[in-house]
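Provide a 3D model corresponding to the input given below.
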Amino acid sequence: MLEIFTVAFFGHRYIDNPFKVEELLEEQIRKIINEKEYVDFLVGRNGEFDQCVSSTVLRVRKNYRDDNSSLVLMLPYPTAEYINNQNYFEDYYSDIEISYAASKAHPKSAIQIRNREMADRADLVICYIEHNEGGAYKTVKYASEQNKPIINLADCVDN
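Numbers count the residues shown, from 1 in each chain. Next up, the predicted model:
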């Protein structure tokens, strides 16, 4: 039976050094793809870090290896952007999941509910957290409380 290793990504909406972050992401993604039988990369679409993750996963899959991984967009609810551009999204991501629990919640809490679901599914959390505040910080703190292994790329970036 295929063993699926799941990686969830969380980070701040704005990042100072996206090129360095992408370089660090690429290193981690290549390593994981090499070591694991199959990898689901779970990502949101709520800021610069998420965009860095998506483009880096796709680049590594295109240039390095694409037969043992998928890029899964995790939405808290069907956004207008998704509804109006569904074909683009389906071409860009391997799969798109909409959180049932988050879609039924108040919009202000939906992203946090989706993030916790991602953290619960993850075998590894890769994040970019510089500040001890905000939704990404709360999610990574939650993942830590669930004893999930965490790699914080912000610890590797010289500011």
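
Show which residues not belonging to the longest helix anywhere in the chain make contact with it.
Ordering each helix of the chain by length in residues (DSSP state H) puts helix 18-35 first. Helix 18-35 is touched from outside by 5, 7, 15, 39, 41, 48-49, 52-53, 55-57, 59-60, 64-65, 68-69, 124, 126, 128, 151, 153, 156-157, with contacts defined as C-beta atoms under 8 Å, 6 or more residues apart in numbering. All C-beta spots, glycine's among them, are computed from the backbone N, C-alpha and C.

Out of those, list just those in helices.
The helices, defined by DSSP H, take in 48-49, 52-53, 55-57, 59-60 from the contacts of helix 18-35.

Following the helix or strand encompassing residue 87 in sequence, what is the next regular element?
Assigned by DSSP states H and E, residue 87 belongs to helix 86-92. Going down the chain from helix 86-92, the next helix or strand is strand 95-98, by DSSP H and E.

re earlier: could you export the ones in helices among the contacts of helix 18-35 to a markdown table, including columns for pLDDT, neighbour count and distance to residue 25?
Output for the ones in helices among the contacts of helix 18-35, formatted as a markdown table (pLDDT from 0 to 100; neighbours: other C-beta atoms under 10 Å; distance: C-beta to C-beta, whole Å):
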| residue | pLDDT | neighbour count | distance to residue 25 |
| --- | --- | --- | --- |
| 48 | 94 | 16 | 12 |
| 49 | 96 | 27 | 9 |
| 52 | 96 | 24 | 6 |
| 53 | 97 | 27 | 6 |
| 55 | 96 | 15 | 9 |
| 56 | 97 | 25 | 4 |
| 57 | 98 | 26 | 8 |
| 59 | 97 | 14 | 10 |
| 60 | 97 | 22 | 8 |
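
Save the residues you listed as JSON lines, and put in distance to residue 105 too.
As requested, the ones in helices among the contacts of helix 18-35 are arranged in JSON lines below (distance: C-beta to C-beta, whole Å):
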{"residue": "48", "distance to residue 105": "25"}
{"residue": "49", "distance to residue 105": "23"}
{"residue": "52", "distance to residue 105": "27"}
{"residue": "53", "distance to residue 105": "24"}
{"residue": "55", "distance to residue 105": "29"}
{"residue": "56", "distance to residue 105": "30"}
{"residue": "57", "distance to residue 105": "27"}
{"residue": "59", "distance to residue 105": "34"}
{"residue": "60", "distance to residue 105": "33"}
